[in-house]
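1. heads up, no residue letters with this:
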């Protein structure tokens, strides 16, 4: 007769049920409702909406700027995490607090502040105008806003991993004759890459769906600086709920495919 092993922590069934209900109410049911609403369209209608030039331009802009901002933060965030973990210096706590500022600051406030700085007549934007280019109301301004908003994801993901890497490992590699670049490539990079991909995926996902900090600095010009979340809001304001859900489904499917590829790459790297 087989004996049933009791779990170490009681209440597994209750907690699992609560988790599934909570996940369903917040994620599964809203997403399912969006797909159901989009299913009211015929395939020809759905394809006409998602393949329109305006939607494709917004799709390219949203995913392109989010990807570029995630790459920039992948570099800058790695350097910041390295400095904060490896060195002690005056003002370190201030920098730590400033990194978390995008989490606490309302995104609309961030967008207004960035627009005031980088507009053609702004404190920094006027110098860019004098050099013959604009920052605000261009894809460059959108990338700048997304870089500001998504920076903490990379830094906070890498910091605990860097803290767990003993300095003795780097010192041992240096004693064996490894140069600094060799230490970074063969010692630090394998340990950091899975966490870096996680931070990159979080920053990219946040950037794709960002709305508040972008609408002020983007200019919202169709075919030029109009992002997908704004286009969805435009469709909702026009009571075109089917069109809004169709764009939402497109955005969700593309995001899911890209994040799936990133996670598969991360799993492959972790196993190697």
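-> The structure has been received and is ready for your questions. Owing to the predicted nature of the structure, the values given are computational and were not obtained by experimental measurement. Numbers count the residues shown, from 1 in each chain.

2. phi first, then psi, for residue 88.
-> Backbone dihedrals for residue 88, given as degrees, to the nearest 10, come out at phi -120, psi 130.

3. any idea how many residues pack against it?
-> When counting by other Cβ atoms under 10 Å, one arrives at 6 neighbours for residue 88. From N, CA and C alone the C-beta is placed, and that goes for glycine too.

4. next: residue 218.
-> In terms of burial, residue 218 registers 24 neighbours under the definition other Cβ under 10 Å.

5. same check on residue 59?
-> Taking other Cβ under 10 Å as the neighbour definition, residue 59 ends up with a count of 19.

6. so residue 138 touches residue 225, yeah?
-> Yes: distance between residue 138 and residue 225: 6.5 Å, which falls inside the contact criterion (Cβ atoms under 8 Å).

7. ok, these two, which is more surrounded?
-> Set side by side, residue 138 and residue 225 give different neighbour counts by other Cβ under 10 Å, the larger being at residue 225 (24 against 19).

8. can you tell me the SS state at that one?
-> In three-state terms, and counting by DSSP: H, G, I helix; E, B strand; the rest coil, residue 225 is coil.

9. ok, it to residue 69 distance?
-> Using Cβ to Cβ, to the nearest Å, we find residue 225 at a distance of 15 Å from residue 69.

10. same thing with residue 136?
-> Applying Cβ to Cβ to residue 136 and residue 69 gives a distance of 16 Å.

11. the longest helix in this protein is where?
-> Scanning the chain for the longest helix, with DSSP state H as the assignment, gives helix 53-86.

12. I'd like the next helix or strand past that helix.
-> Tracing the chain past helix 53-86, the next element assigned as helix or strand by DSSP states H and E is helix 92-99.

13. quick check: angle from that following helix to helix 53-86?
-> Orientation note: helix 92-99 sits at an angle of 170 degrees relative to helix 53-86 (axes from the mean of the first three to the mean of the last three Cα atoms, to 10 degrees).

14. what residues sit buried inside helix 92-99?
-> With burial defined by 16 or more other Cβ atoms under 10 Å, the residues of helix 92-99 counted as buried are residue 99.
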